[in-house]
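Peer 1: Please find the sequence and the predicted model below.
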Amino acid sequence: MELDYSDRLLVIIPAYNEAESIQKTVTELNKECPNVDYIVVDDGSLDCTAAVCLENGYPLLQLPVNLGLSGAFQAGARYANRMGYGYCMQLDADGQHMPQYIPDMLKAARQGADVVIGSRYYGKHKEHSMRRVGGKLLQGAIWLTTGKKITDPTSGMRLYNGKLIADFFKFPNFDPEPDMIAYLIHRGYAVQEVEVCMRERLVGQSYLRFGRVIQYMMRMMLSILLIQWFRKG
């Protein structure tokens, strides 16, 4: 009998060298959201991330090489589409994203949002930091080009509905980056934010290393202000 996943959520957990944190992350997810499906995408890790997942019986998709965060998420979205899930979302393997907010995000999607962003700053005042300054610049660029205020454009904690799942693997330009939010708003998709809290990374290796942060921010700004006007789905 074929199972119907059309109203179910798949949590995609991209993991690169997260052997020290993946078990805690999955344990917390299972505790907070015991009825939610998930899959770990091992993004060509050089440590024993995959071994930890296999030892604990976690649903696992192993990539033979490191594709980066976008490639890992797209691989998970391909799986979600093939299985017929109605929603998918990204949950960081390092434990920064807190699963307790998943029900609120899923509720917003079921009420009509195409994209739901878990925002650290929605309805809050946060002290200044380099991360916050970078986020403010991207926030301003999105507002200039779309007229919509997104308080936390760099948040990776995002949930997508079924209309977008297929696009993530059909079109290589679809990725979980800030410029994609601006592009989707231009395309008429409903983007909503939900207030969340996030923790700092304790162990593991970040996809965005310090030396790449400035380059990343410049690329995102250029894409939001210029390139997205010419990109195609």
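Peer 2: Received it, and whenever you're ready, just let me know what you need.
Peer 1: Excluding chain neighbours, what is closest to residue 163?
Peer 2: In space, and not counting its chain neighbours, residue 163 is closest to residue 114: 6.1 Å by Cβ to Cβ, 6 or more residues apart in numbering. In short, each C-beta sits where N, CA and C put it, glycine included.
Peer 1: What is the burial count for the one you found?
Peer 2: When counting by other Cβ atoms under 10 Å, one arrives at 19 neighbours for residue 114.
Peer 1: Give me the distance between it and residue 30.
Peer 2: 27 Å (Cβ to Cβ, to the nearest Å).
Peer 1: go on, residue 110?
Peer 2: 22 Å.
Peer 1: Quick one: the strands in this protein, in order.
Peer 2: Along the chain, counting by DSSP state E, strands occupy 9-15, 37-43, 60-63, 87-90, 115-119, 158-161, 191-195.
Peer 1: relative orientation of the fifth one and strand 191-195 in degrees?
Peer 2: This points to strand 115-119. Angle of strand 115-119 versus strand 191-195, following axes from the mean of the first three to the mean of the last three Cα atoms, to 10 degrees, is 30 degrees.
Peer 1: Would you state the predicted confidence (pLDDT) at residue 2?
Peer 2: pLDDT recorded at residue 2 is 61.
Peer 1: So that it lines up with my notes, have the first residue be 38 from now on.
Peer 2: Sounds good: first residue 38 from here, last item residue 39.
Peer 1: Flag every buried residue along the worst-scoring helix or strand of the chain on mean pLDDT.
Peer 2: Least confident helix or strand, the chain: helix 247-262 with a mean of 74, by mean pLDDT, DSSP states H and E. By 16 or more other Cβ atoms under 10 Å, the buried positions in helix 247-262 come out as 253-254, 257-258, 260-262.
Peer 1: can you tell me which of the residues you listed lies nearest to residue 119?
Peer 2: Nearest to residue 119 among the buried residues of helix 247-262 is residue 260, at 28.7 Å by Cβ to Cβ.
Peer 1: That closest one touches residue 216, doesn't it?
Peer 2: Yes - using Cβ atoms under 8 Å, residue 260 is in contact with residue 216, at 3.8 Å.
Peer 1: so where is the protein shaky, pLDDT-wise?
Peer 2: Across the chain, the ranges flagged by pLDDT under 70 are 38-39, 161-171, 238-250, 264-270.
Peer 1: Return the member of the buried residues of helix 247-262 nearest to residue 63.
Peer 2: The closest of the buried residues of helix 247-262 to residue 63 turns out to be residue 253 (Cβ to Cβ; 27.5 Å).
Peer 1: For residue 75, which residues are in contact?
Peer 2: Residues near residue 75 by Cβ atoms under 8 Å, 6 or more residues apart in numbering: 47-50, 63, 66, 95-96, 128.
Peer 1: can you redo those as JSON lines with distance to residue 192?
Peer 2: Listed next are those as JSON lines, based on distance: Cβ to Cβ, whole Å:
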{"residue": "47", "distance to residue 192": "19"}
{"residue": "48", "distance to residue 192": "15"}
{"residue": "49", "distance to residue 192": "15"}
{"residue": "50", "distance to residue 192": "16"}
{"residue": "63", "distance to residue 192": "21"}
{"residue": "66", "distance to residue 192": "18"}
{"residue": "95", "distance to residue 192": "24"}
{"residue": "96", "distance to residue 192": "24"}
{"residue": "128", "distance to residue 192": "12"}
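Peer 1: Kindly supply the PyMOL command isolating those of those that are buried.
Peer 2: In PyMOL, this line selects whichever of the contacts of residue 75 come out buried by 16+ other Cβ under 10 Å:
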select buried, resi 47+48+49+50+63+66+95+128
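Peer 1: Relative to residue 205, which of the contacts of residue 75 is nearest.
Peer 2: residue 49 (9.9 Å).
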